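**Student:** requesting a structural model of the entry that follows:
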Amino acid sequence: MEKCVACQGGGVQCASPPQPEGRSAAEKAAWQSIRIELEASAPGGGLNMAHAAVTRHAHGPEKNRTALRWLSDEAGRRECSFAELECRSNRAANVFKHLGLAPGEVVATLCGRVPELYLSALGALKAGAVYCGLFASHGPEPVLHRLVAGRAKVLMTTWRRYQKIRDLRPRLPYLTHILLIDDPQGRAPGLNRFSDLMADASDHFSIPFTDPQSPALLHFTSGTTGMPKGVCHVHEAALQHLSTSRAVLDLSAPDVFWCTADPGWVTGVVYGFLAPLMAGVTTIIDQEEFDVRRWLQILSEQRVSVWYTSPSAIRRLMTLPFRPCQAYDLKSLRRVFSVGEPLHAAAVHWGQEALGVPIRDTWWQTETGAIMIANHAGETLQAGAMGRPVDGIRAQVLRPASAGGATGACTPGEVGELALAAGWPSMFRCLPGDAEAYQRRFAGKWYLSGDLVWRDVEGRFWFMGRADDMIKTAGHLVSPFEVESVLLEYPGVYEAGVKGVPDELLGQRVKAYVCLQPGIRADKRLSDRIMAFARQRLGSALAPREIVFTTGMPKNQAGKIVRRQLLDGAR
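**Tutor:** Model prediction:
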């Protein structure tokens, strides 16, 4: 097995995570059949993500099915079958082999949702490299931080985005090759044009034996609670990717699937293309920026049957003065899922009425590598719930004071930290360069998520908030998410953020920031009515004591509200 090059300084092997004792036969069976399916045709009985996603389909009955469909205002609609994707990703793998890329070394991309990104990712995985997608809108310092932390050897980017780091090259000793998607200046010194290298490469490539524990993906967290962390996953994660694409997202041919997440984030890689390709379905890739009406047009014209999006996008849709299912033909849409931040009950109810399909929340983290808890497609939906653990995952609610053992388990209804029994296939294997931080994420055999939840008697989990977001007021512990959920139920409120502010008497005071739908007047009378509504639903101890109307919420580049940056800006 290979060691992730990004981990060399940290001394953490990407193949030795904590393992729980006594994992049940049912938990093991959840992945065993998929392991057999994927390893049956893999070289030497190994397991390679790109083989699972492309090669096995390209040499089977689905070879002529459209694998990826790119949509672009400039380039129009482009399609690539599994057979074509196999040849083109083989060329990319040969490019990396020609560049001397060694197993475990990192290939990073800094570009939009263009074909070259996906070819690079699949080619890197075939060649035994580690793929790392960077968010294209990051500035120079965030890009530098990630390239240094990942010890990237190859960077695929555009000429314009290369300018972000051109003067920083002396601080990137590991970065050996820059591959340009475009080169308006002609051949630049020290740079390679990807199209030239692809033209010279063979479209035949034999994937070598890939140990399932070999490193495959390097993701960076969104940095909502400190500096972004690099998180490494291995090829074995494909078991969880395929399992959840079927059991949770309900994907199967001939579905048309669309995940709106940017490939600079873990969701945009795992469920943006890897998992749906493994499931053998057609995947939509939209190269343009977010636009509400454009997205509805795509859902209609491309006959999307399964849609995976975010609460922030859903909130934008909720501001429309019409029901999307009445203005657009959404009859093909049979499943809608959400990820990225908790989905409020109000959005769930809106989805059923306005889209004609309930929106089902899913929970997972960069560290978990795949969906862990979900409102499964085949079960009754409970609005506001995170859902139940997926097959093979053992989840528990632990009291922080005694999280190291089973005696710390909370009873139903009691709030504690969400913990997962370690050892699932897509579990992160290291935090590059920080072995101690990796170990701190575990208590015995439990992975500690940092999220506070409670579990009902039927086994559903309910999100309360991040442990470091909780508000302590007058001896009460208040969940910002719980308060926000109630505020969103008030007519005309489409977005809400809550935080604690210092108070001499209370310790902290609950303060709410509210965005109103267009055409609604913000004044003190409305503020008083909203606070009265919240007191009636939450009680005076938990309800906000102050409301600020604002035109927008501070968000990170993953679209999540950053509560600590909420500032007074009444309109």
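
**Student:** what residue in the protein is the furthest from its centre?
**Tutor:** Within the chain, Leu505 marks the point farthest from the mean C-alpha position, 40.4 Å out by CA atoms, centre = their mean.

**Student:** now it: which helix or strand?
**Tutor:** Assigning secondary structure by DSSP states H and E places Leu505 outside every helix and strand.

**Student:** distance of it from Phe463?
**Tutor:** According to CB to CB, to the nearest Å, Leu505 and Phe463 sit 29 Å apart. The way it works is simple: take the backbone N, C-alpha and C, and place the C-beta from them, glycine included.

**Student:** the spatially closest residue to Gly45 that is not a sequence neighbour: what's it in contact with?
**Tutor:** Nearest residue to Gly45, sequence neighbours excluded (CB to CB, 6 or more residues apart in numbering): Glu39, at 5.2 Å. By CB atoms under 8 Å, 6 or more residues apart in numbering, the residues touching Glu39 are Gly45, Gly46, Leu47.

**Student:** out of the residues you listed, which is most surrounded?
**Tutor:** Highest neighbour count within these: Leu47, with 25 neighbours (other CB atoms under 10 Å).

**Student:** backbone phi and psi for the residue farthest from the centre of the chain, please?
**Tutor:** Torsion angles at Leu505 (phi, psi; degrees, to the nearest 10) stand at phi -90, psi -40.

**Student:** what comes up buried for stretch 91-108?
**Tutor:** 91-97, 99, 101, 103-108 (16 or more other CB atoms under 10 Å).

**Student:** between the residues you listed, which sits nearest Ser202?
**Tutor:** Lowest distance from Ser202 to the buried residues of stretch 91-108 (CB to CB) belongs to Asn94, with 5.3 Å.

**Student:** what's in contact with whichever strand or helix holds that closest one?
**Tutor:** Asn94 belongs to helix 82-98 when assigned by DSSP H and E. Applying CB under 8 Å, 6+ apart, the set of residues contacting helix 82-98 from outside is 50, 54-55, 57-59, 62-65, 67-68, 80, 107, 119-120, 122-124, 126-127, 129, 154, 179, 194, 197-198, 201-205, 207, 277, 280.

**Student:** these in helices, which ones?
**Tutor:** 50, 57-58, 119-120, 122-124, 126, 194, 197-198, 277 (DSSP state H).

**Student:** CSV for the residues you listed, including pLDDT, neighbour count and distance to Leu134?
**Tutor:** What follows is the ones in helices among the contacts of helix 82-98, written out as CSV (pLDDT from 0 to 100; neighbours: other CB atoms under 10 Å; distance: CB to CB, whole Å):
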residue, pLDDT, neighbour count, distance to Leu134
Ala50, 98, 31, 20
His57, 97, 24, 28
Ala58, 97, 22, 28
Leu119, 98, 24, 16
Ser120, 97, 29, 12
Leu122, 98, 28, 17
Gly123, 98, 29, 17
Ala124, 98, 30, 14
Lys126, 97, 28, 20
Phe194, 95, 20, 16
Leu197, 95, 18, 20
Met198, 96, 18, 21
Leu277, 98, 27, 21
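
**Student:** pull the most distant pair out of the residues you listed.
**Tutor:** Based on CB to CB, the longest span within these runs between His57 and Leu197 and measures 25.4 Å.

**Student:** coming back round to it: what is the lowest-pLDDT residue among the contacts of Glu39?
**Tutor:** The pLDDT minimum for those sits at Gly45, where the score is 76.
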